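Visitor: Sharing a sequence plus its predicted fold:
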Amino acid sequence: MDEKKYNDSEDIFSKILRAGRRTYFFDVRSTKAGDYYLTISESKKFTNDDGSFYFKKHKIYLYKEDFHGFTELLNEMTKYIIDEKGLEVISERHQKDYVKPEIKTEETNVKDESSNENLSDDDPDSI
């Protein structure tokens, strides 16, 4: 009996983003018909009580007909988050220690004109 390696999708192009305990995999794959689609996978590392570890994985399949809408919503959502909360990352682990930085206002030095009694506005060389 012939054994055939069955692969329902062929990897075409891949990129990896490591982010702490999470790793994101971006993979362009090929359908049986030869068209391309994108899979975005999140793999998150967890530790058991005995010290061993395991991964939880989640995957999104994104097809060409959805690229435009997905990209628009992703951009809208990321812009909203940045506009509302800024770029500073606040970690849950450090929430109890988090102190919002004070915003320093720019002070303008305004001199009292009465202290310039001896200066003449007419001749700058008289100073």
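Guide: Perfect, I can see it now.

Visitor: Could you pull out the strands in this protein for me?
Guide: Remark: strands assigned in the chain by DSSP state E are 10-19, 22-30, 36-47, 53-63.

Visitor: a markdown table for those, including distance to residue 84 and mean neighbour count?
Guide: C-betas here are computed from N, CA, C, even on glycine. Below are the strands of the chain laid out as a markdown table (distance: least, Cβ to Cβ, whole Å; neighbours: other Cβ atoms under 10 Å):
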| stretch | distance to residue 84 | mean neighbour count |
| --- | --- | --- |
| strand 10-19 | 21 | 10 |
| strand 22-30 | 23 | 15 |
| strand 36-47 | 23 | 15 |
| strand 53-63 | 24 | 11 |
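
Visitor: how about those, which one is nearest residue 86?
Guide: strand 10-19 (18.8 Å; Cβ to Cβ).

Visitor: Sheet-wise, list the partners of the closest one with their directions.
Guide: Strand 10-19 pairs in its sheet with strand 22-30 (antiparallel), by DSSP bridges.

Visitor: what's the angle from the strand it pairs with to strand 53-63?
Guide: 40 degrees (axes from the mean of the first three to the mean of the last three Cα atoms, to 10 degrees).

Visitor: Let me know the angle separating strand 22-30 from strand 36-47.
Guide: 160 degrees.

Visitor: quick one, which of the strands of the chain is nearest to residue 87?
Guide: That would be, of the strands of the chain and by Cβ to Cβ, strand 10-19, which comes in at 15.2 Å.

Visitor: For that closest one, give me every contacting residue.
Guide: 23, 24, 25, 26, 27, 28, 29, 30, 36 (Cβ atoms under 8 Å, 6 or more residues apart in numbering).
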